[in-house]
Structure formats: C-alpha cells, structure tokens
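Enquirer: Structure, please.
(chains A and B)
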There are 2 protein chains.
Amino acid sequence: MNRNLPEQRYFIQRLAGTHHHRGQRVVRHHDRQTSFFAQQNIDTTDLEVVPDGETFRWFGRYEYDLNVAHTLDTHLNVFAGFEPKLSEGSKKSRLVFLGNIQPDLQRGVRKQVPDAELVALDTMNLWIDTTRESLQKTIEVVDLLIVNDAEARQIAEEPNLIKAARKILSWGPKTLIVKRGEYGAAMFTRNEYFAIPAYPLESVFDPTGAGDTFAGGLMGYLASQPQLDEAALRRAMIFGSVMASFNVEEFGTERVRRLTHDEINQRFRDFKRFTHFEEIPFERAVASVQ
Amino acid sequence: MNRNLPEQRYFIQRLAGTHHHRGQRVVRHHDRQTSFFAQQNIDTTDLEVVPDGETFRWFGRYEYDLNVAHTLDTHLNVFAGFEPKLSEGSKKSRLVFLGNIQPDLQRGVRKQVPDAELVALDTMNLWIDTTRESLQKTIEVVDLLIVNDAEARQIAEEPNLIKAARKILSWGPKTLIVKRGEYGAAMFTRNEYFAIPAYPLESVFDPTGAGDTFAGGLMGYLASQPQLDEAALRRAMIFGSVMASFNVEEFGTERVRRLTHDEINQRFRDFKRFTHFEEIPFERAVASVQ
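Expert: Purely as a prediction, here's the structure:
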C-alpha cells in the first residue's frame, strides 16, 4: 500500500431501483448491498434510489462455449430518464468510469468532472444501434474506451479490429481496451499494442458481469497508481482480468464479495507465468536451414 | 545458426495430384512448387504424384470478421486412398508432423517412425465427426496435438477448453496446442499453461492455411533446437504465430515465399513488446483501499 497516495474514493453513479411487486424483499437486498459497499470504504453519497422504479434488467442467453451472449431483451427502467448530478466531492474525482447508460447522459456526467485525470467509458450494442452520433461525441471527450471486440468493430464499422482501433483512437481517446471474453483482452494506444490471454478457468459458471468486473479491477488498480502511464495501464489490465476471472466462477457477485488480496495477487503472478517466454539472441534468432 | 545440430531435413508426405482437365498447366505449377522446395533445402524424396488424380480441395466461407470458417465441401480426392510409405531416410526423422489426413493413415505413418523424438498431429472436424475412435487411437500415440479451439472442444466433447485440454492430455499426448485464429494460441501440458495473442494485422487477406503455416513455423523452429523443453515449445509457438501472420497477409503462399529471416525475427521481437508487463513487488501487489 502506498501511503503517499490520496485516499481512494469510489462513487456509485448508477441509479438503483426497487420493485413495486416484490417491494420489501428487494429493498432489504438494496440495504444489504449498501452496507457491503460501506464495509469496503466505497462512498455511496451519490447513489440515487427511485422508490417506485424498476431496476435495469438485461435478458440474454449464452452459446455453448459461453463466449457469445445474445441479448433477448433490455429493460432500461429507471435508467431511461437518469440524469446523474454529482456532489461536490464526486466532481473532484481523479478517475471516472462512465458506466453503460445512454451516451447523452454519460456526456452530462463527463462535463461535471472537467479536471479528471482519466475518464473511461463503457457502452453496449443498444447505444451503437440507436444513438450512434451521440455515442461518437461521447467517445470524443473521454480518455479510455473499454468495449468488447464485436462492439469495437460495430462502433468503427470496420471488421478488422486493428483498423477499427485506429479509427476509434482518431476520434480522441488516447487508449482503447478491447475485452475478448475467454480470449483475454487487448489494449491499443497510438504507438503501442498490448494483449493478454484470459485466466484459464475450469469452472466458468456465469460470465454475466465479467466486463464490469474487469473495468472495476482496472480502474481500482489505476486509482492506486501515481502515474497513469503505459506500464500502469498494462498492469491494470491484468488486475481487471484477474477480477473478472473470479467473477465468472460463481453466480452474480458471490465470489468477488469474499475475495482476499492474497488470492488476487496470486492470480496476477500466475499471469506472468502463463505469458512468459525467453527472448532469442539477435545473431541466431532463426536457425537457418542450410 | 547452430552448427552442432544435425542437418535439418523436411519431408513432404502428402500426395499431390494433377488435374486431367487442365493437365499441362497444373503439372507445370507442380514442377514450380517442387523446385521452390529444392531451393529451400526441402527434401521431396517421398513426394508421391498420382498422374490421373485430383488434388485435395476444401471449399468454405469465412464470416464477417474472418474468425470463423464454415466448410461448404471437402473433396478428399487423391488423399482418400493415400497410404504413405516412408523412405529409409524419412524413417529416421527426429521430428514428425502428421498432416491432416484420415487418422488410420496417420497412425500408419506413426508406426514407421518409432524412434522420433516428437510426433505432432493435425486433424479436422471431418475426422472428429466420422472417425472418432480411430482419431482417439491416433492421439494416444503422438506427443503433441495441434488443433483449433472448436476442434479441441469437439474432440473432448467438453465445452470448457481447460477441461477439454485436461481430457485430451489424459489420453497420452504430453502437449496440446490450441490455435485461436485472431485471438492467438494456447499451450497445455500436464503442469503448465501458456498463451499468446496473435500478431496484430491490419490486412488479413486470406486466413486459409494459417493453421498449417503455424504448424510449419513451430516444427521448423523445434527442429533447430537441441532440447525440446517447455521453453523451446513456447518460443516455437511464437515462431508459428509469426509465420501464420505473414501467411494471411496475401493469397495462398505468396507472402511466405519471399519471407526473409530479418522479417521473421522482427515479428518475434514485436511479440515480446506486445506481451510484456512489469511484475508487482510482493508487499504492495494490490494497493489496499483503507
């Protein structure tokens, strides 16, 4: 732990709705979540609860190998008219992650944190399909876009991922991180490329939320770093992948809730072992067949 | 170049047919290939030509992102009744790659090289579908299986790749290498896991043959190594990926034919750059939020 760093603060900007139908049970669930956040020193000052609203829901099915998710239905519910207003404390955030909501609303939050050192953005196919122009405007004003590879291709309207990345970076972001599910993740900047495999797992129980957990681990690690340079971003991607690897092992947030730092660090080190190979000396890089 | 190594020899075991219809032109093409092999010191002693046969052909289509190939038709032609008989020189091969033919025939070749230090095996969905039992028997007598991830899942009848790998290794091979197209490749042994991304390319023109080129690069590098240990296999996977990355840039073998060692070595070094990240010190692996 680096004592020189400012105290870390995390903000929940998403609106949590409660159910009318099942009212009491869901409200209790909500209180339980909030107290868990408090235990983890997560500031929920800006959390907004709509008593008569319904929570955002996504329905989908996964293919045989769990790599491809098909959206069956998306219910925006309380998200639809959400216009986050940040408290004074939140406006001073050094790092901001704009969760997946309508891109106009994301831009509204972006404007409230003009001094943030790094603003990251998530989105999904729904917004690419229905609000392409607004989404591009939002991409133009962030530092880091985090999407999956199908989304990156769709945003750029370009089947080749490398060309798609170049196009997206030309709009403004310094960095694009592409999540590839079971295949890992890749990071593109103007002059660098970095790619990692996923943590190999025998028990992938529920891939839902892996992308959010990846982003959470990544942003959380960056928040601990004084310099947000290429090296920090690379390590942050590993931590994001490590967190996602735990998330998919059980349903919902069950596994992540009881995670220890030792478990996280062990998987970081495993990543080094899984990806290490020796350099070859210059003079005999390829043995000639002569 | 390591002068202590025995002279490298490469053998073409596959049958090349010629076309009756377009006879003259195809025969000239065949002669041109053979002379190119000769220039590269590739021994074609065991190459068998069936004058009245038709060459093996595969028809397929690729999806939008070029990651998934759909087989439309497979014409075995001269491959159907091929029973390779090795010359005395070939029987002494240190390394053998059993190309993708009917698994009984592959086992027939395997028996002719009992002293080989490493025997690798390729296969395809056709043989998994139609000759599963024979294929498993062949897998049992090789050291290294090289397949793509859909094939690995299908062979093991297991959607989770890590479990599929464990099952396949339990049949006998010491090593399984899984090709993942645009996503790179992974290697499984009893106690180790290694994964690499693919070389990032803006111009993927034709992915056909990428898998064969990968295997060729991998086996070619191993042939230059005195020790076939984990470290050599890892580097060999990089060289396989490098060769495949050139192959897909142009149609057929056009790009690979004019490759230089400098180009190959440059991409090997790029791989180090694309995959490097810094370790974290033990005492502050994850910065606590406290």
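Enquirer: Only the buried residues of stretch A:84-91, if you could.
Expert: In terms of neighbour count (16 or more other Cβ atoms under 10 Å in any protein chain shown), stretch A:84-91 has its buried residues at A:84, A:86, A:90. Placement of C-beta: from N, CA and C, glycine included.
Enquirer: Quick check: the last one vs chain B, distance?
Expert: As for A:Ser90, its distance to chain B is 16 Å (criterion: Cβ to the nearest Cβ, to the nearest Å).
Enquirer: Report whether the expected contact of that residue with A:Val109 is present.
Expert: No - counting by Cβ atoms under 8 Å, A:Val109 is not a contact partner of A:Ser90; they are 9.2 Å apart.
Enquirer: re earlier: could the buried residues of stretch A:84-91 go into a markdown table alongside secondary structure and pLDDT?
Expert: Output for those, formatted as a markdown table (DSSP: H, G, I helix; E, B strand; the rest coil; pLDDT from 0 to 100):
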| residue | secondary structure | pLDDT |
| --- | --- | --- |
| A:Pro84 | coil | 87 |
| A:Leu86 | coil | 92 |
| A:Ser90 | helix | 92 |
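Enquirer: My understanding was that A:Arg234 contacts A:Ala185; is that so?
Expert: No - the pair A:Arg234 and A:Ala185 fails to qualify as a contact (Cβ under 8 Å) at a distance of 10.6 Å.
Enquirer: Between these two, point out the one with more neighbours.
Expert: More crowded of A:Arg234 and A:Ala185, by other Cβ atoms under 10 Å in any protein chain shown: A:Ala185, with 26 against 17.
Enquirer: Isn't that one up against A:Ile196?
Expert: Yes - look at A:Ala185 against A:Ile196 with Cβ under 8 Å: they come within range, at 5.8 Å.
Enquirer: Common neighbours of these two, please.
Expert: A:237, A:241 (Cβ atoms under 8 Å, 6 or more residues apart in numbering or on different chains).
Enquirer: quick one: secondary structure of A:Leu222?
Expert: Taking DSSP: H, G, I helix; E, B strand; the rest coil as the rule, one finds A:Leu222 in the helix state.
Enquirer: where's the residue lying closest to it once chain neighbours are set aside, which helix or strand?
Expert: Once flanking residues are discounted, A:Leu222 sits nearest to A:Ala236: 4.9 Å by Cβ to Cβ, 6 or more residues apart in numbering or on different chains. In the assignment (DSSP states H and E), A:Ala236 maps to helix A:230-247.
Enquirer: what is the mean pLDDT for that helix?
Expert: If you average the pLDDT over helix A:230-247, you get 96.
Enquirer: Okay, buried residues for it please.
Expert: Quick answer for helix A:230-247 (16+ other Cβ under 10 Å): A:232-247.
Enquirer: Identify the residues contacting the residue nearest in space to the middle of chain A.
Expert: Centre of chain A computed as the mean C-alpha position; nearest residue by Cα atoms, centre = their mean is A:Ala215, 2.3 Å away. Going by Cβ under 8 Å, 6+ apart, A:Ala215 touches A:97, A:120, A:122, A:146, A:240.
Enquirer: A helix includes it, no?
Expert: Yes - under three-state DSSP, A:Ala215 falls within a helix.
Enquirer: Can you give me the distance of it to A:Phe268?
Expert: A:Ala215 sits 17 Å away from A:Phe268, going by Cβ to Cβ, to the nearest Å.
Enquirer: With A:Phe82 instead?
Expert: For A:Phe82, the distance to A:Phe268 (Cβ to Cβ) stands at 35 Å.
Enquirer: OK, contacts around A:Pro197?
Expert: The contact partners of A:Pro197, taken as Cβ under 8 Å, 6+ apart, are A:183-184, A:274-275, B:184, B:186, B:195-197.
Enquirer: Now do the SS call for A:Phe277.
Expert: Three-state call for A:Phe277 (three-state DSSP): coil.
Enquirer: swap that for A:Ala152, please
Expert: Here A:Ala152 is helix, with the state taken from three-state DSSP.
Enquirer: Give the burial count for it, as a bare number.
Expert: 25.
Enquirer: Likewise for A:Glu133?
Expert: By other Cβ under 10 Å, neighbour count at A:Glu133 equals 8.
Enquirer: Could I get the buried residue list for whichever strand or helix holds A:Gln136?
Expert: Element membership of A:Gln136, judged by DSSP H and E, is helix A:132-140. Buried positions in helix A:132-140, judged by neighbour count with 16+ other Cβ under 10 Å: A:134-135, A:137-139.
Enquirer: In helices only, show me the contacts of A:Pro197.
Expert: A:274-275 (DSSP state H).
Enquirer: quick one, phi psi at A:Ala189?
Expert: To be clear, residue A:189 is Thr; Ala isn't right here. A:Thr189 adopts backbone torsions of phi -130, psi 180, taken as degrees, to the nearest 10.
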